[in-house]
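Q: Pasting the sequence and the predicted model now:
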Amino acid sequence: MEDVEEEYAMDKWPTMPDGSDFDGNHLLTLVRDGKSPFKGVWDINQLFREIEEKLGAHVIDIPSVSSGCRNYGFHMKLSNSLDIVARLSRSDVNMPNFVGYPFNMQVTEVEFEAAIYELLSSDPLIRVPCLLYYRVPVQYSSPINHIPEDIAGRRLFLFEKAQGEKDIWGELRSEDQNWLLAECAHIRASLFNFNAPPDLVSKWFLERLFGHKPETLPLPVTPDREFCVTLFTSKIKATIKNIGDMIGWEEDNATVGPIAFAAKQSLLRLIPHIIPKDGNESSLYRLTLDHGDYGIHNMSITEDDSGRPLVTSIYDWEFGCFVPAILSDPKMVVGIHLVTDENAFPSFTRYEKDASPEERAEYMTWSERYFEVSFLLALYKFAPEYQHVIRAGKDARHLWFALRSWKGDDAEDFFGKLGDWAEKRMKELGITTDEAL
């Protein structure tokens, strides 16, 4: 394997000898002819050997190869008649000059995702693929100055392939899109209503918290308002420390300035006043599992006996987390993002800015069909509490999703605006300085 000098985060999608992108087809033939498109970056025979060792069968065909934002997806047929999907990381932690997703975070992510597949494996409504084997990446203790000869530094999942394909939204007729939205709403409601074991939630809650977080939480993970207030205050304090301390990510070389620090004080004063004191704490603060990237692109979809779309599998839980219900994200991705506004009314985002009025009207119709209780097969029909918690927690959700959206850039400007919002809300709520403290 050749030496590497430049920084490496992950593999680029391979190209063919003529310079065109590899189309994902005929891989096994190419490998047998010594023309693997991955040659010079990693040895695909290492993947074949690991699959054959762990599953006790030989790879006899590879119908297709796809690429996600972090992983390769190999559809493989085995000699024991099993169809599998091998999900192999596009990033190798043993590459020289590795600057990709941190090793420890990768290990945690793999172990969490495997735990979720096991947790949901017997649920008839939240359909997940059958996990056959997985392993975390292995990082060598001594530095490597050349491309690794093995694939130990790449995380790996092997699944039994579910029937169907992904990303078929654009191929569906309007009535089939409506049917699929209803089915996805039912599945999402089932996930919102799912009660995970408390010990599993406690184990993973802090570990899966986004962005900057405290090393520990001062209270046990519990489904009540007190814990939710503590979660917010701990999150703010971990994100914005003292003036002169680092803020954002290490490579940003940024420190807490006076504007961000003042915003911290405003947010800490506001928090107790935006966490609802509802009589039914169990509905607001019940701890729920969020997928983190729920959408058509992470589903296998086939047809049922009537020719209607049928979701057979929901995968890629690597962005999943546990959150109080009041902070749960109902977003559904169908190319555009189907979301709600602060009052739980259907909306949409992440669409083409030059979309025509007719296209925007269609996007709104999709969102209404996914969320609205006026449709018999919609999210709020299957999970009526969802609408209530979104409305009850609109200020808390505004702050939470704002914190989640911050990428570490221009902290003074970002938190200055958030601090201004906090001061404005305190005035609107009639909170005096004494009350805030």
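A: Alright, I've got the coordinates. Numbering: from 1, shown residues only.
Q: what about Asn145, neighbour count?
A: Close neighbours of Asn145, defined as other C-beta atoms under 10 Å, add up to 9. In short, each C-beta sits where N, CA and C put it, glycine included.
Q: For it, give its distance to Met95.
A: 10 Å (C-beta to C-beta, to the nearest Å).
Q: so what's the residue nearest in space to the middle of the chain up against?
A: Nearest to the mean C-alpha position of the chain, by C-alpha atoms, centre = their mean, lies Phe319 at 2.7 Å. Listed by C-beta atoms under 8 Å, 6 or more residues apart in numbering, the contact set of Phe319 reads 291-293.
Q: between the residues you listed, which is closest to Ile259?
A: For the contacts of Phe319, the minimum distance to Ile259 (C-beta to C-beta) is 30.8 Å, reached by Gly292.
Q: ok, the closest one touching Val323?
A: No: contact criterion C-beta atoms under 8 Å: Gly292 and Val323 do not qualify, at 10.1 Å.
Q: Give the helix, strand or coil label for the residue nearest to the centre of the chain.
A: With DSSP: H, G, I helix; E, B strand; the rest coil as the basis, Phe319 sits in coil.
Q: what's the answer for Leu418, then?
A: Leu418 is classified as helix under three-state DSSP.
Q: How much space separates it from Arg425?
A: 11 Å.
Q: How about Glu368?
A: 29 Å.
Q: Then Glu175?
A: Taken as C-beta to C-beta, the span from Glu175 to Arg425 is 44 Å.
Q: Of those two, which one has the most company?
A: The neighbour comparison of Glu175 against Arg425 (other C-beta under 10 Å) goes to Arg425, with 17 against 9.
Q: ranges for the strands of the stretch 51-200 of the chain?
A: Under the criterion DSSP state E, counting those that start in this stretch, strands of the stretch 51-200 of the chain are mapped to 59-67, 71-78, 83-89, 130-135, 156-160.
Q: would you list these in a markdown table and tack on distance to Glu251, mean pLDDT and mean neighbour count?
A: Converted to a markdown table, those look like this (distance: least, C-beta to C-beta, whole Å; pLDDT from 0 to 100; neighbours: other C-beta atoms under 10 Å):
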| stretch | distance to Glu251 | mean pLDDT | mean neighbour count |
| --- | --- | --- | --- |
| strand 59-67 | 26 | 97 | 17 |
| strand 71-78 | 24 | 98 | 20 |
| strand 83-89 | 22 | 98 | 22 |
| strand 130-135 | 29 | 99 | 16 |
| strand 156-160 | 28 | 99 | 21 |
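Q: Quick check: Asp304 touching Leu310?
A: Yes: counting by C-beta under 8 Å, Asp304 touches Leu310, with 4.3 Å between them.
Q: The two: who's more crowded?
A: A direct count of neighbours by other C-beta under 10 Å for Asp304 and Leu310 places Leu310 higher, at 18 against 11.
Q: So what sits opposite the more buried one in the bridge?
A: Counting by DSSP bridges, Leu310 is bridged to Thr302.
Q: ok, it - contacts?
A: Contact partners of Leu310, counting by C-beta under 8 Å, 6+ apart, are 164, 183, 301-304.
Q: So this protein: which segments form each domain?
A: Domain ranges of the chain: 27-160, 169-195+286-392, 198-285+407-436, per automatic domain parsing.
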